[in-house]
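**Q** my questions concern the predicted model and sequence given below.
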Amino acid sequence: MINLPFTVIVESENETEKIAKSFAENLIPGDLILLNGELGSGKTFFVKSVCNNFGIKNVASPSFTIVNEYSGDKKVYHFDFYRIKKVNELYDFGFEDYLNDINTIKFIEWANLWKEVIPKHFYEVNIDFVNENERKITISKQ
């Protein structure tokens with residue numbers, strides 16, 4: 001379990017997996033996790049690492065599908081807002097229904113692109129490049 005707010009610099013995927021495993025212990029159905037960071041910073045890898053702790057092994061980037069659904073010990077919705085051009089696109093595929101599902105954990109990559117649709121309470125995971133091999137991971141709760 002991670003005490004929040006939390007900031008660490010990781011130097012490997014193995015270190016990121018350990019952080020994700022600890023963070024997964026904080027999560028319960030109904031939680032919303034926003035992930036922000038540049039392309040290639042490790043947002044999907046972080047989600048994949050968290051989901052591994054729920055017995056979910058088929059995590060992939062939802063860049064083209066907008067949302068992926070996974071089932072394991074917990075049910076997870078995994079969104080990617082990167083390709084969304086208009087807020088109406090979110091409503092067209094039923095984003096509010098997904099968001100209101102209290103039996104799932106929801107991850108949103110590139111959530112900062114459509115802040116106006118985000119509820120008041122969420123976890124936020126920011127992954128920033130320090131250099132080619134290091135990432136700064138900051139986790140907070142709103």
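**A** That came through, no problem.

**Q** what lies in contact with stretch 2-21?
**A** Residues outside stretch 2-21 that contact it (CB atoms under 8 Å, 6 or more residues apart in numbering) are 22-23, 25-26, 42, 45-46, 49-50, 52-53, 123, 130, 133-141. In this view, the C-beta of every residue, glycine as well, is placed from N, C-alpha and C.

**Q** stretch 36-52 too?
**A** Surrounding stretch 36-52, the residues in contact under the criterion CB under 8 Å, 6+ apart are 13, 16-17, 19-21, 23-24, 27, 33, 35, 57, 59-61, 70, 72, 76, 78, 107, 109-112, 124-129, 135, 137.

**Q** which residue ranges of the chain form strands?
**A** 6-10, 32-36, 67-71, 75-80, 104-109, 123-129, 135-141 (DSSP state E).

**Q** output those as TSV; include the columns mean neighbour count.
**A** Conversion of the strands of the chain to TSV gives the following (neighbours: other CB atoms under 10 Å):
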stretch	mean neighbour count
strand 6-10	14
strand 32-36	22
strand 67-71	16
strand 75-80	23
strand 104-109	25
strand 123-129	19
strand 135-141	18
